[in-house]
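Q: Fold the stuff below for me.
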Amino acid sequence: MPILTNANHIHDKILHKPTKAVKNFQSTEILILKQEMLKIAAAPGAAGVAAPQLGKSLKIFALNTNKKFPVLLFFNPKIIAVSEETHEVEEGCLSVPGKVCKVTRHLEVTLVWQDEHGNKQDPSGRKYEFKFTGFEAQAVQHEMDHLHSTLIIDIAENIYDNANFEKAFFEAAVNKIKTTSLE
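A: The predicted structure is shown next:
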């Protein structure tokens, strides 16, 4: 399944379409979608992917912020708490190729969800609920934005071309090294 991008007018309409809750967790459509999402989120350069990015207006996202661990799937997720503290971060998005956006994110978010079978609790009876912090919290908010029909360019404070951003980042790193070595 190709990733939809905002560069295509038809794709952009799909990316901005409201999502629906998953009800039939074992449908063929969900099983195929799940496999594609697991594959994409595991790929280098991807921290996650949401169903709308694959043309499916469903409340599902995959997350893999640490490639040492398996990809996690979240069905019908809801953020139930956020920290008051926020920070500005630069983010890219598979659906907004070639751009880096500066956005404001909460440092912590608490998420509840269902597993791939529709369960709200694990086999031991613990509710699927977790407080994410740092980069993981940022990634969760990014994927949740997709489920709420929002792309990073819709909420960005600044938008940069990726090539220019990478060049500026590299120059800043080189200058920092030069400054540090002179001290």
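
Q: center of the chain - which residue?
A: Nearest to the centroid of the C-alpha atoms of the chain, with distances taken as C-alpha atoms, centre = their mean, sits Glu143, at 3.2 Å.

Q: Name the nearest residue to it, ignoring sequence neighbours.
A: Nearest residue to Glu143 in three dimensions, chain neighbours excluded: Phe61, at 3.9 Å (C-beta to C-beta, 6 or more residues apart in numbering). C-betas here are computed from N, CA, C, even on glycine.

Q: What number of residues are in the vicinity of that neighbour?
A: For Phe61, the neighbour count with other C-beta atoms under 10 Å is 27.

Q: do the same with Lys67
A: 13.

Q: got the contact list for it?
A: Taking C-beta atoms under 8 Å, 6 or more residues apart in numbering, we find Lys67 in contact with 42, 44.

Q: Next, give phi and psi for it.
A: Lys67 adopts backbone torsions of phi -70, psi -10, taken as degrees, to the nearest 10.

Q: Do I have it right that Gly134 meets His106?
A: No - the criterion here is C-beta atoms under 8 Å, and Gly134 misses it with His106 at 10.8 Å.

Q: okay, and for the protein, where does confidence drop off?
A: Counting by pLDDT under 70, the chain has low-confidence residues at 163-183.

Q: all strands for it, in order.
A: Taking DSSP state E as the criterion, the chain contains strands spanning 48-50, 60-63, 72-82, 86-91, 99-106, 108-114, 129-133, 158-161.

Q: Pro18: which of those is closest?
A: Proximity to Pro18 (C-beta to C-beta) singles out strand 48-50 among the strands of the chain, at 12.9 Å.
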